[in-house]
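Peer 1: just the structure for this:
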Amino acid sequence: PHGDPEEYHRRAVALAEETAPDSVMLAHELTGLARCLQAKGDYRGALTEHRRALAIRQAKPPEDQSPTAMAQWSAAVASSLNMVANALQGLGLLQEALAHHREALRTTESAAPSSLSVAHTLNQMGDVFEALGDRAAAIDHHRQALAVREARDTGGRLLGMVKTLQRLAALLEADGQLEEAAKFAARAAAVQASRHQHHQGSHQHRRQHNGHQHPGTQRTARQQQQPQQQQLTAPDGNVHPSQFSDSADTKTASGTVRTRVDPKLVEQVQSEQRAWIGWLRLSGQYDRVHTTDPAAYDAAVVARFVARLEEG
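Peer 2: The predicted model follows:
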């Protein structure tokens, strides 16, 4: 969308209220508006919209009571609870924020005890405990979050790993545990370096492949101006995220190479679905590919979203 993001989200909310009141779609648009308000420092306005979104999600459990459906619903509810907590923290209401994070943790642990939603909530609880001055509890919660992330790690490239390691390093250093703090800081730096090399290598491989598709010919100026559009063409609809591997490439409909996204990274991006969808819209990526499936995007696009999330 062009123009003021807040105005865009307000129009989207108005449309959803008119066409699908009390729907999950409305909850999504309310969340987008709340995020926009919070980014502007309007925590009270954000809190109002987050609470509306939470109420809708809590009232809409899935008709399908399968473990997968319940896990997805609990993750959505927990995400809303965490966002309410973040707005409360912005207003300085730390105990209320902690109570909402605890409810989010209970919600996700009941349906998906080893999910990345659990790790995310534990990280946020650690941040609140730090704000409350309880460094020991903050360290404990970040350690718990790290254990969940490590159990699902794929080469250290999952969302939140770097930030968790950095938080632990800073807290341990402040607590005088300098040797252990240095170890976590070194791990964080190593993960960042590994991730950078991985994405640089993938980008270079894709660029070389795309630049030599037709031996003996030169790419036209028009083609050179449109690499992003070519690389972001959606894959065959029959391709499932589980078929993607960390280093494999696939040809798009235009014949160019799109670097596949690690399937575990796909899973984690899906666990941050609302943030992902909002980023796709605001960045304009959705307009190119017309799907929210992270597996349909080039690894470099997903990497930019990962970096944005880890910057907070």
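
Peer 1: is Leu168 within a helix or a strand, and which one?
Peer 2: helix 161-174 (DSSP states H and E).

Peer 1: report all helices and strands that that helix contacts.
Peer 2: Contacts defined by 3 or more C-beta pairs under 8 Å, 6 or more residues apart in numbering; DSSP states H and E place helix 161-174 against helix 116-131, helix 135-151, helix 178-211. Bear in mind the C-beta positions are built from the backbone N, C-alpha and C, glycine included.

Peer 1: repeat the analysis, applying 6 Å as the threshold.
Peer 2: Under the contact criterion of 3 or more C-beta pairs under 6 Å, 6 or more residues apart in numbering; DSSP states H and E, helix 161-174 touches helix 135-151, helix 178-211.

Peer 1: worst mean pLDDT among those?
Peer 2: Of all the helices and strands packed on helix 161-174, the minimum mean pLDDT falls on helix 178-211 (a mean of 74).

Peer 1: please point out which parts of the helix holding Leu168 sit buried.
Peer 2: Met161, Val162, Lys163, Thr164, Leu165, Gln166, Arg167, Leu168, Ala169, Ala170, Leu171, Leu172 (16 or more other C-beta atoms under 10 Å).

Peer 1: repeat that for stretch 34-45.
Peer 2: Within stretch 34-45, the residues scored as buried using 16+ other C-beta under 10 Å are Ala34, Arg35, Cys36, Leu37, Gln38, Asp42, Tyr43, Gly45.

Peer 1: who are the contact partners of the first one?
Peer 2: Think Ala34. Shown in contact with Ala34 (C-beta atoms under 6 Å, 6 or more residues apart in numbering): Ala46, Glu49, His50.

Peer 1: got the contact list for Glu180?
Peer 2: Leu172 are the contacts of Glu180 under C-beta under 6 Å, 6+ apart.

Peer 1: skipping its backbone neighbours, what lies nearest Ala34 in space?
Peer 2: Glu49 (3.7 Å; C-beta to C-beta, 6 or more residues apart in numbering).

Peer 1: doesn't Leu30 make contact with the one you found?
Peer 2: Yes: the criterion here is C-beta atoms under 6 Å, and Glu49 meets it with Leu30 at 4.8 Å.

Peer 1: averaged over its residues, which helix or strand of this structure has the lowest pLDDT?
Peer 2: Sorting the helices and strands of the chain by mean pLDDT, DSSP states H and E puts helix 227-231 at the bottom, at a mean of 32.

Peer 1: would JSON lines of the contacts of Ala34 with neighbour count and secondary structure be doable?
Peer 2: Shown next, in JSON lines, are the contacts of Ala34 (neighbours: other C-beta atoms under 10 Å; DSSP: H, G, I helix; E, B strand; the rest coil):
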{"residue": "Ala46", "neighbour count": "26", "secondary structure": "helix"}
{"residue": "Glu49", "neighbour count": "26", "secondary structure": "helix"}
{"residue": "His50", "neighbour count": "29", "secondary structure": "helix"}
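
Peer 1: find the nearest non-adjacent residue to Ala20, please.
Peer 2: Leu26 (5.9 Å).

Peer 1: secondary structure element holding that neighbour?
Peer 2: Element membership for Leu26, per DSSP H and E: helix 24-39.
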